[in-house]
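In: Quick one, what's the 3D model for this:
(chains A and B)
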Amino acid sequence: MKIKVTSVYVDDQDKALRFYTEVLGFAKKTDFSQGPFRWLTVASPEEPEGTELQLALNNNPAAKAYQQAMFQQGQPAAMFYTDDVKDDYERTKARGAQFTMPPTDVTASIIAMLNDTCGNLIQLVQLARKSQAAR
Amino acid sequence: MTDREQYTPGPASGAQVRKDGEKWTLILVRELRHSPEKVWQALTDPAHLREWAPFDADGNLGAVGATVKLTTVGAPAPHVTETTVTRADAPEVLEYKWGGFDMRWQLEGLGGGTRLTLWTNIGHRFISMGAAGWHICFDVLDHLLSGTPLGRIVGPEAMKFGGWQRLNAEYAKQFGIEAPNWPPQAAQKS
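Out: I've put the predicted structure just below:
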């Protein structure tokens, strides 16, 4: 078994695709539909065959309630790893991303939190051990 | 050979696309050799829907205000949406939503048979795929009502089917759009 795809709920798949590609810089991976169901995933250009993120429409009441509760409690719906959180912070901010937390040192990592405009908080993580190894 | 193995869809026909701002509507017309009453039952009764439609219903769609769960058949992740029937003038007009899609069915008597029209909105990139899928569904519906059921052909089963690939290309050509990439892996390269 492999962890190949994980999901975030979004309130609008077209808007989500724009945000995740144009602002965050991911690439569209798979997009097809069956009736009103649309399977839409993005992947990192740094790892095109890597884990995919499904942008799933939150069109059922349980999904909406879960998403809202997570957002209100400040819990990220997903975490993305980066080698340079400060650089990604500046880059995505320049393209319009709104951060709820600028890059912040915490135990074993530097994190930042942004609003994906589709109902989620997304955490960016730079592991301290990785940045130390790079130095 | 069974009827299902022998079945080959006819050429693409009876479909139109209407664009209203960002909203695209697919309009499909099919003439059936069965009475509007019979067709109405096939459109509303869960046991009939299970034989031909791209979704399952957990209740009858034939009454205004009926709340029914619709399950998309063959979707790559479970997809269940709840709908409320907004119009049910038996055996003429039926309206409800399937997920975010409006579904409007009209049945007109036609010399003992029925002219069936479906209006449904759909993402514009998937419009030829939708037309091909409904074309096959309507063939299966016609066989069902004629007492020679083929068994439902929807979702991945329809897409594996040579006739679906051809219809998808034919409808794309009729609508003046590029046929969507299929299988989806092909989309990665574009």
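In: Would you map the strands across chain B?
Out: For chain B, the strands defined by DSSP state E cover B:15-20, B:23-32, B:55-57, B:67-72, B:80-84, B:87-89, B:93-98, B:101-110, B:113-121.
In: tell me the most buried of those?
Out: Comparing the strands of chain B by mean neighbour count (mean count of other C-beta atoms under 10 Å in any protein chain shown), strand B:55-57 comes out on top with a mean of 22. The C-beta positions use only the backbone N, C-alpha and C, and glycine is treated the same way.
In: Output the strands of chain B as a markdown table; include the columns mean pLDDT and distance to residue B:143.
Out: Formatted as a markdown table, the strands of chain B follow (pLDDT from 0 to 100; distance: least, C-beta to C-beta, whole Å):
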| stretch | mean pLDDT | distance to residue B:143 |
| --- | --- | --- |
| strand B:15-20 | 93 | 20 |
| strand B:23-32 | 95 | 11 |
| strand B:55-57 | 96 | 19 |
| strand B:67-72 | 94 | 22 |
| strand B:80-84 | 92 | 26 |
| strand B:87-89 | 98 | 25 |
| strand B:93-98 | 97 | 21 |
| strand B:101-110 | 96 | 18 |
| strand B:113-121 | 96 | 14 |
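In: closest one to residue A:70 among those strands?
Out: Taking C-beta to C-beta, strand B:80-84 is the member of the strands of chain B nearest to residue A:70, at 21.6 Å.
In: picking up where we left off before, quick one: closest of the strands of chain B to residue A:74.
Out: Short answer: strand B:80-84, nearest of those by C-beta to C-beta, at 29.8 Å.
In: Can you verify my assumption that residue A:34 contacts residue B:74?
Out: Yes - checked against C-beta atoms under 8 Å, the pair residue A:34 and residue B:74 is within contact range at 6.7 Å.
In: what's the overlap in contacts for these two?
Out: Here residue A:34 and residue B:74 share the contacting residues B:54, B:155, scored by C-beta atoms under 8 Å, 6 or more residues apart in numbering or on different chains.
In: Give me the more crowded residue out of these two.
Out: Between residue A:34 and residue B:74, counted using other C-beta atoms under 10 Å in any protein chain shown, the more crowded position is residue A:34 (24 against 17).
In: Which pLDDT value goes with that one?
Out: At residue A:34 the predicted local confidence, pLDDT, stands at 85.
In: show me what contacts the closest residue to it other than its chain neighbours?
Out: Of all residues not flanking residue A:34 in the chain, residue B:75 sits nearest, at 5.2 Å (C-beta to C-beta, 6 or more residues apart in numbering or on different chains). Counting by C-beta under 8 Å, 6+ apart, residue B:75 makes contact with A:34-35, A:37, A:39, B:155.
In: quick one: which of these is nearest residue B:108?
Out: Nearest member of those to residue B:108, counting by C-beta to C-beta, is residue A:35, at 24.7 Å.
In: The closest one contacts residue B:99, correct?
Out: Yes - the criterion here is C-beta under 8 Å, and residue A:35 meets it with residue B:99 at 6.8 Å.
In: quick revisit: need the contacts of residue B:75 in JSON lines with secondary structure and distance to residue B:45, can you?
Out: Output for these, formatted as JSON lines (DSSP: H, G, I helix; E, B strand; the rest coil; distance: C-beta to C-beta, whole Å):
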{"residue": "A:34", "secondary structure": "strand", "distance to residue B:45": "23"}
{"residue": "A:35", "secondary structure": "coil", "distance to residue B:45": "19"}
{"residue": "A:37", "secondary structure": "strand", "distance to residue B:45": "23"}
{"residue": "A:39", "secondary structure": "strand", "distance to residue B:45": "30"}
{"residue": "B:155", "secondary structure": "helix", "distance to residue B:45": "21"}
